[in-house]
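In: Build the 3D model from these lines:
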Amino acid sequence: MQDNLHSFIELLKKERELKVIEALVDPYLEIAEIQRRVVAESGPALLFTNVKGSAFPVATNLIGSRKRVELVMGDRPGKVIKNAAEAASRLMPPSVKKLWQERDWLFPLRKTGFRSVGRRSAPVLEHLQAPTDLTKLPALTSWPGDGGAFVTLPLVYTEHPETGLHNLGMYRVQIKGKDLAGMHWQIHKGGGFHHSAAEQKNQALPLTLFIGGPMALTVAAITALPEYVPELLYASFLMNDKLNLVKVNGHPHPLIAEADFAVCGEVPPKIREDEGPFGDHYGYYSLAHPFPVFQVKKIYHRKNAVFPATVVGKPRQEDYYIGEWMQELLAPMFPLIMPGVRQLWNYAETGYHSLTAAIVRETYSREALAHGFRILGEGQLSLTKILMLTDAPVDLKDFKQLLITVLERFSPERDLVIIGKTSMDTLDYTGRMYNEGSKAIIMGTGEKKRTLPKAYAGKKIPGIKKIEAYCHGCLTVSGRSYKESPKLGEKLAADKDNLGKWPFVILVDDTDDVYDTAGFLWTVFTRFDPAWDIHATKSMRGNSIEYRFPIVIDARMKPWYPGELVSDEAVVKRVDKRWKEFF
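Out: Residues are numbered from 1 along each chain as shown. Next up, the predicted model:
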């Protein structure tokens, strides 16, 4: 593991995984357009050495491939976590003898921790910017509708005002002025909890924004760790070395010695300003909303600082690869944390929170439902919108086969559970209120109950122009828009003659958009709210709702949804014209 960004860039050069671009480039839309094209072609990391308006080079797409993720992390973290999961039962009850038997993988963990260093051993303190000016940083504007320039790989460090426990999170930071930034703390994130606690005391919350440094920090900041696991300690574990920290006068936080930038300041209580819009990883704009502000006091940086950045948007983008790696890394721990959950997977193409699937234990009737509630109560998994459960052996990464497996076993009168009026991911606008929406649990357990239809054999349906089978048991249909026919989903649910044998019918704007799994996952799961947009004929048995086939999901774009991300036409043409300057 490299101990700073610069050693990682040198490794990328050695591995021929880096393209250095010396032509003048604009951080306003142009760098982002170049990166998106490179990601689409599974291309290299990029180092822009001549950035308009800034003295600092910009590095992007650093972990935009499986190989580069593995260059960052190696195989040691995966082996340690696998060993820990396998040893959990052997170590209970713990004893010196048992611990000694596990020494081969336990003893190297002694390297995990922190190391205090002096100023001379802290490159981050090599230069103090004077006067303080955030606008000198080459922060990117990625999409034409963005509200400004954003730090897109921010490492936001805070400490709880009562316990002192720290959080290192990746919360986007909007540059608002020379000494002011917007802090996008979502309701369910650790930094937001710290600010809330400080605000209740009417206190400002000290904050340090790190940019660059050991790549393990980036991984730690985006990993959904339990609240009690310190991210800096996890980063040290990933590095297999102690993390160097340095103290500075006038700021309460230790600084990460090998960071490229350390932006020091505080977030005052009870001040909100609009932050956004921003084109986010769901593939749409998140709109402008009031968020806390970060008042900057000092900016330290290395004398040769490199500004790392990323570009998010409609999946797949650079973040896809680290998301997949992290899930595989932590997979052995899920059965320990949640007994009865054998495997679990989130789908990057849906923005992660929109769809989760799990293989669970079902040793007695409805046990699967209990495990579903357990999943929905675990950390950031609580933001899951759709949870699919089965006890059948299936590769969860193969979504089409998973869906077939569930639908073969799915009883709509008991296996569809819709939970209304819940909190939702801040970036998900399918609910009818900001930060609020609903969830659905869809179960298919036990033996197969039916043979699924494979092709549509019914008559022409009013309002529908195209009908295609996505997979056995799941039909996709398109026709009138939501604006033209908002009740079309309800009408389809009542059409038993044509659709009654199909468990799922997905209503989309154009079936051509969902012919492959990536398109299906993104188009469908980012465009409906279960409580409002799932339609079926139903009856009441006591206080229980029993649904009947077909289950219709209206995944059309609704008039109030934010717009899909589209590149600026003039920038596209400019990059087309200049492409040979870059490659």
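In: Which pLDDT value belongs to Met326?
Out: Per-residue pLDDT puts Met326 at 88.
In: what about it, which helix or strand?
Out: helix 319-330 (DSSP states H and E).
In: Quick one: list the elements packing against that helix.
Out: helix 66-73, helix 76-87, helix 215-222, strand 341-347 (3 or more Cβ pairs under 8 Å, 6 or more residues apart in numbering; DSSP states H and E). Every C-beta, even on glycine, is put in place using the N, C-alpha and C of the backbone.
In: buried set for that helix?
Out: By neighbour count on 16 or more other Cβ atoms under 10 Å, the buried set for helix 319-330 is Asp319, Tyr320, Tyr321, Ile322, Gly323, Glu324, Trp325, Met326, Gln327, Leu329, Leu330.
In: tell me the contacts of Pro206?
Out: Contact analysis of Pro206 by Cβ atoms under 8 Å, 6 or more residues apart in numbering lists Thr158, Glu159, His251, Pro252, His253, Gly265, Glu266.
In: one step back: please convert the helices and strands packed on helix 319-330 to a markdown table, extending it with mean neighbour count, mean pLDDT and distance to Ala309.
Out: As requested, these are arranged in a markdown table below (neighbours: other Cβ atoms under 10 Å; pLDDT from 0 to 100; distance: least, Cβ to Cβ, whole Å):
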| stretch | mean neighbour count | mean pLDDT | distance to Ala309 |
| --- | --- | --- | --- |
| helix 66-73 | 18 | 92 | 15 |
| helix 76-87 | 16 | 79 | 25 |
| helix 215-222 | 25 | 92 | 11 |
| strand 341-347 | 21 | 96 | 24 |
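In: what's the neighbour count on Lys491?
Out: Neighbour count for Lys491, taken as other Cβ atoms under 10 Å: 16.
In: Name the helix or strand for it, please.
Out: Per DSSP H and E, Lys491 falls inside helix 488-493.
In: what do you get for Lys13?
Out: helix 5-14.
In: Please produce TSV containing the helices and strands packed on helix 319-330, extended by distance to Ile553.
Out: Listed next are these as TSV, based on distance: least, Cβ to Cβ, whole Å:
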stretch	distance to Ile553
helix 66-73	32
helix 76-87	36
helix 215-222	30
strand 341-347	16
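In: mind checking which of those is nearest His6?
Out: helix 215-222 (10.9 Å; Cβ to Cβ).
In: Give me the buried positions along the host helix or strand of Leu336.
Out: Taking DSSP H and E as the definition, Leu336 sits inside helix 334-337. By neighbour count with 16+ other Cβ under 10 Å, helix 334-337 contains the buried residues Phe334, Pro335.
In: Report all helices and strands that that helix contacts.
Out: With contacts defined as 3+ Cβ pairs under 8 Å, 6+ apart, helix 334-337 has these neighbours: strand 341-347.
In: what does the strand it packs on contact?
Out: Contacts of strand 341-347 with the rest of the structure, by Cβ under 8 Å, 6+ apart, involve 323, 327, 331, 334-335, 338, 352-361, 371, 374-375, 384, 396-397, 399, 521, 525.
In: Strand partners (parallel or antiparallel) of it?
Out: The partner list of strand 341-347 in its sheet, established with DSSP bridges, is strand 352-360 (antiparallel).
In: tell me the angle the strand it pairs with makes with helix 319-330.
Out: Orientation check (axes from the mean of the first three to the mean of the last three Cα atoms, to 10 degrees): strand 352-360 against helix 319-330 gives 30 degrees.
In: and the gap between Ala555 and His535?
Out: For Ala555, the distance to His535 (Cβ to Cβ, to the nearest Å) stands at 11 Å.
In: who has more neighbours, those two?
Out: Applying other Cβ under 10 Å to Ala555 and His535 shows that Ala555 carries more neighbours, namely 25 against 22.
In: Just to check, that one is in contact with Leu521?
Out: No - using Cβ atoms under 8 Å, Ala555 is not in contact with Leu521; the gap is 10.8 Å.
In: can you confirm Gln174 is in a strand?
Out: Yes - under DSSP: H, G, I helix; E, B strand; the rest coil, Gln174 sits within a strand.
In: what's across from it in the sheet?
Out: Per DSSP bridges, the residues bridged to Gln174 are Phe150, Gly182.
In: which ones are touching it?
Out: Counting by Cβ under 8 Å, 6+ apart, Gln174 touches Gly147, Gly148, Ala149, Phe150, Ala181, Gly182, His184, Glu275, Gly276, Phe278.
In: could you dump those to CSV with distance to Leu18?
Out: Formatted as CSV, these follow (distance: Cβ to Cβ, whole Å):
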residue, distance to Leu18
Gly147, 31
Gly148, 29
Ala149, 24
Phe150, 24
Ala181, 29
Gly182, 32
His184, 30
Glu275, 33
Gly276, 32
Phe278, 27
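In: circling back to that earlier point, ok, which pair from the contacts of Pro206 is furthest apart?
Out: The distance between the two most remote of the contacts of Pro206 (Cβ to Cβ) is 14.0 Å, for Glu159 and Gly265.
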